[in-house]
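[1] Curious how this folds, go ahead:
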Amino acid sequence: MSGKRRSRNLIAVIILLIVLIAAVGGLYYFGMRHFQKHFLPGTIINGLDCGDSTVDEVRYAFQDKIREYTLTVHERNGQIETINGEQLYMQYEDDGALQKLLDAQDVKTWIFQFNQTRHLQVDAGFTYDEASVDQILDGMKAFEVSSVYAPTDAKIQDNGTSFEIIAGSEGNLLKRDAAKQAVMAAVQNGDSDVDFEALNLYEHSSVKAEDEKLVQEVERLNKMLSAKITYDFVDRQMTVDGTTIHSWIVQDEEGNYSLDETKPAEWVVEMARETDTFGLSHEFKTSKGNTIELEGGGDYGWLIGRESTTEQLISAIYAGEQTTLEPIYRYKGTDRSMNDIGQTYIEICIEDQKMWCYKDGVLVVETDITSGTESTGFSTPSGSVWAVDGKKKDAQFKLFPVKVDFWLPFNGDCGVHDASWRSNYGGDVYKYDGSHGCINTPHDACEKVFNAIEIGDPVVIYYSEQQVKGPDPTQEVTMG
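    Presented below is the predicted three-dimensional model:
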């Protein structure tokens, strides 16, 4: 080959090298310019492949990623609902961090980055429409009126024979404002889950089945029902038991149970009406064997203190007592059976001018007596039953300078006493020369009566078996 030809070939090679170098240089320069506006290959930002992407393209990718956000809401009873970024109108908020990452790239090394990976992280700020949260909540099943029920308190229930605690329900009513704040906090934190139950966002019942006051109250009510209070009147009984007490327990508008204390009071009134005998009529079998009806008006018999007995009964009910009680009496007789005159008493017949005294059913004395003078208006009161008010030996008369050995008053200043000044008893003396109302009695007989009779024992006085009540005194009866 000639020298001229070799020169041409060398020139061609040189030109080719120059062209190649220029091309490579141009490509490198182009790459530098390109990656001044694009992220280098292998750039991973917040988990997204951003290689060869512009800042705007990455922004769009971030926006798409944010819109893919899903918040899983865990609700009571295993119910799950979701809220997504579309519903929240979430928007990526660029604070210039992407541009700073781009500007910080060493574009001179772009050609060496194709097989490299760089993981970068920036705060991917975003905004969302807070007003949309209310709309989202409104559309959730957790807030559907038809499926939401409020918690109910445990309560006491009357089951017909006793009281028991009925457990309430926790329901599924959410605290709306608190639930909204929980959702917003989860969104702002980028959380994937929010648990309403774990965050204690449900309304709670205020009274649980194990509530101490509730337990004590049902125990108190059932304690009352366990009571059984019997009043024993010898030949009859009256009882307040759980069935009766149950009917006396009432419930107010707020659901609270209590004993209606007017009911025990009414029950005591009825018991008193059936059993009181004080000052009332009495059926009496005379010593002659006939039965007469004594009128009311005396002061012998039984009289229940209604108010105090009611308090006694109510106290026993509250205490759950099972007991036999005696009413609290204002006045007492000596025998609590229906025939409350009993077996120890004084019997006086004015017309016969006779007195009988019985002790435990045994006749102790049968004697003539002299009663009040009818002609002068000092008639001895008759037709009823009186109680012996006192016992006194060696008693001094009030209006006369006379003493008696035995004095048994039964109606004010009217009483049974011995009369040493009188020698004859019985007959018609009482009509014109009797006492000032008292029962003048022979000394020995009066002593026996005095020893047999106690304060409170009955004195039965009738005018005759045909005319139980005689004339009323027109003068003040006095000790005499």
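[2] which secondary structure element contains residue 102?
    helix 97-103 (DSSP states H and E).
[3] just how off-centre is the lowest-mean-pLDDT helix or strand in the chain within its chain?
    Ranked by mean pLDDT, DSSP states H and E, the helix or strand of the chain with the weakest confidence is helix 3-34, at a mean of 74. Averaging C-alpha positions (Cα atoms, centre = their mean, to the nearest Å) puts helix 3-34 105 Å from its chain's average.
[4] Check which element follows it along the chain.
    Downstream of helix 3-34, the first helix or strand assigned by DSSP H and E is strand 43-45.
[5] Show me what the helix or strand that that next one is followed by packs onto, helices and strands only.
    Downstream of strand 43-45, the first helix or strand assigned by DSSP H and E is strand 48-49. Other helices and strands packing on strand 48-49, by 3 or more Cβ pairs under 8 Å, 6 or more residues apart in numbering; DSSP states H and E, are helix 55-67. (Each C-beta comes from the backbone N, C-alpha and C, glycine too.)
[6] Please state the mean pLDDT value computed over the helix it packs on.
    Averaging pLDDT along helix 55-67 yields 86.
[7] buried set for it?
    Neighbour counts over helix 55-67 (16 or more other Cβ atoms under 10 Å) mark 55, 58-59, 61-63, 65-67 as buried.
[8] and what of stretch 402-416?
    Result for stretch 402-416 [16+ other Cβ under 10 Å]: buried residues 404, 406-411, 413-416.
[9] Among those residues, find the lowest-pLDDT one for me.
    For the buried residues of stretch 402-416, the pLDDT minimum is residue 413, 91.
[10] Find me the pLDDT at the nearest residue to that one once chain neighbours are set aside, would you?
    Among residues not flanking residue 413 along the chain, residue 479 sits closest, at 4.5 Å (Cβ to Cβ, 6 or more residues apart in numbering). We have a pLDDT of 70 for residue 479.
[11] how close does residue 479 sit to residue 458?
    Going from residue 479 to residue 458 by Cβ to Cβ, to the nearest Å gives 20 Å.
[12] Ok, residue 104 next?
    For residue 104 relative to residue 458 (Cβ to Cβ), the value is 123 Å.
[13] the more surrounded of those two?
    residue 458 (26 against 8; other Cβ atoms under 10 Å).
[14] pLDDT (mean, whole number) over the helix holding residue 102?
    pLDDT averaged over helix 97-103 gives 85.
[15] what's the answer for stretch 123-142, then?
    The average pLDDT for stretch 123-142 rounds to 91.
[16] in the stretch 301-450 of the chain, which spans are helices?
    Using DSSP state H, counting those that start in this stretch, the helices of the stretch 301-450 of the chain run over 306-318, 429-433, 443-452.
[17] In a markdown table, list those along with distance to residue 181 and mean neighbour count.
    Compiled in a markdown table, the helices of the stretch 301-450 of the chain are given as follows (distance: least, Cβ to Cβ, whole Å; neighbours: other Cβ atoms under 10 Å):
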| stretch | distance to residue 181 | mean neighbour count |
| --- | --- | --- |
| helix 306-318 | 50 | 18 |
| helix 429-433 | 105 | 16 |
| helix 443-452 | 94 | 18 |
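[18] Indicate which one of these is closest to residue 367.
    Proximity to residue 367 (Cβ to Cβ) singles out helix 443-452 among those, at 3.8 Å.
[19] Packing partners of the closest one?
    strand 354-359, strand 362-368, strand 403-411, strand 414-418.
[20] Please name whichever of those is nearest to residue 47.
    Nearest to residue 47 among those is strand 403-411 (114.8 Å), distances taken as Cβ to Cβ.
[21] So what are the sheet partners of that closest one and their directions?
    Sheet partners assigned to strand 403-411 using DSSP bridges are listed as strand 392-396 (antiparallel), strand 414-418 (antiparallel).
[22] ok and the last one relative to strand 354-359, angle-wise?
    In this case it means strand 414-418. When axes from the mean of the first three to the mean of the last three Cα atoms, to 10 degrees is applied, the directions of strand 414-418 and strand 354-359 differ by 90 degrees.
[23] Grab the CA positions of strand 414-418 and hand them over as CSV.
    What follows is strand 414-418, C-alpha atoms only, in CSV (Å, rounded to 0.1, in the frame of the first residue of the first chain):
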residue,chain,number,x,y,z
CYS,A,414,-116.8,4.8,142.1
GLY,A,415,-115.4,1.5,143.4
VAL,A,416,-115.9,-1.6,145.6
HIS,A,417,-115.2,-1.2,149.3
ASP,A,418,-116.2,-2.5,152.6
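[24] what's next to it, contact-wise?
    346, 355, 372, 380-381, 389, 395, 404-410, 437-443, 446-447, 449, 459, 477, 479 (Cβ atoms under 8 Å, 6 or more residues apart in numbering).
[25] go on, the first one?
    The set of residues external to strand 392-396 that reach it, using Cβ under 8 Å, 6+ apart, is 402-407, 417, 450, 479.
[26] What count of nearby residues applies to residue 291?
    Using other Cβ under 10 Å, residue 291 has 9 other residues around it.
[27] ditto for the one 5 residues further on
    For residue 296, the number of neighbouring residues by other Cβ under 10 Å comes to 14.
[28] Tabulate the buried residues of stretch 402-416 in a markdown table, adding columns for distance to residue 183.
    Listed next are the buried residues of stretch 402-416 as a markdown table, based on distance: Cβ to Cβ, whole Å:
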| residue | distance to residue 183 |
| --- | --- |
| 404 | 105 |
| 406 | 102 |
| 407 | 99 |
| 408 | 97 |
| 409 | 95 |
| 410 | 93 |
| 411 | 93 |
| 413 | 97 |
| 414 | 97 |
| 415 | 97 |
| 416 | 100 |
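[29] any idea which of those is closest to residue 224?
    For the buried residues of stretch 402-416, the residue nearest residue 224 by Cβ to Cβ is residue 410; the value is 44.3 Å.
[30] pretty sure that closest one contacts residue 457?
    No: contact status for residue 410 versus residue 457: not in contact, 9.1 Å apart, counting by Cβ atoms under 8 Å.
[31] what is in contact with those two at once?
    Counting by Cβ under 8 Å, 6+ apart, the shared contacts of residue 410 and residue 457 are 346, 387-388.
[32] Closest one to residue 214 out of the residues you listed, please.
    Distances from residue 214 to these, taken by Cβ to Cβ, are shortest for residue 387, at 53.0 Å.
[33] and the closest residue to the closest one other than its chain neighbours, what does it touch?
    Spatially, and ignoring its direct neighbours in sequence, residue 387 is nearest to residue 300 (4.1 Å; Cβ to Cβ, 6+ apart). Residues counted as contacts of residue 300 (Cβ under 8 Å, 6+ apart) are 277-279, 333, 341, 384-387, 458-459.
[34] can you rerun that using 7 Å?
    Residue 300 is in contact with 333, 385-387, 458, counting by Cβ atoms under 7 Å, 6 or more residues apart in numbering.
[35] Could you do residue 404 as well?
    So residue 404 contacts 395, 417-418 (Cβ under 7 Å, 6+ apart).
[36] is it possible to export those to a markdown table including distance to residue 123, neighbour count and pLDDT?
    Below are the contacts of residue 404 laid out as a markdown table (distance: Cβ to Cβ, whole Å; neighbours: other Cβ atoms under 10 Å; pLDDT from 0 to 100):
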| residue | distance to residue 123 | neighbour count | pLDDT |
| --- | --- | --- | --- |
| 395 | 117 | 20 | 92 |
| 417 | 120 | 27 | 97 |
| 418 | 124 | 22 | 97 |
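[37] Could you list the low-pLDDT ranges of the stretch 101-250 of the chain?
    Scanning the stretch 101-250 of the chain for pLDDT under 70 picks out nothing.
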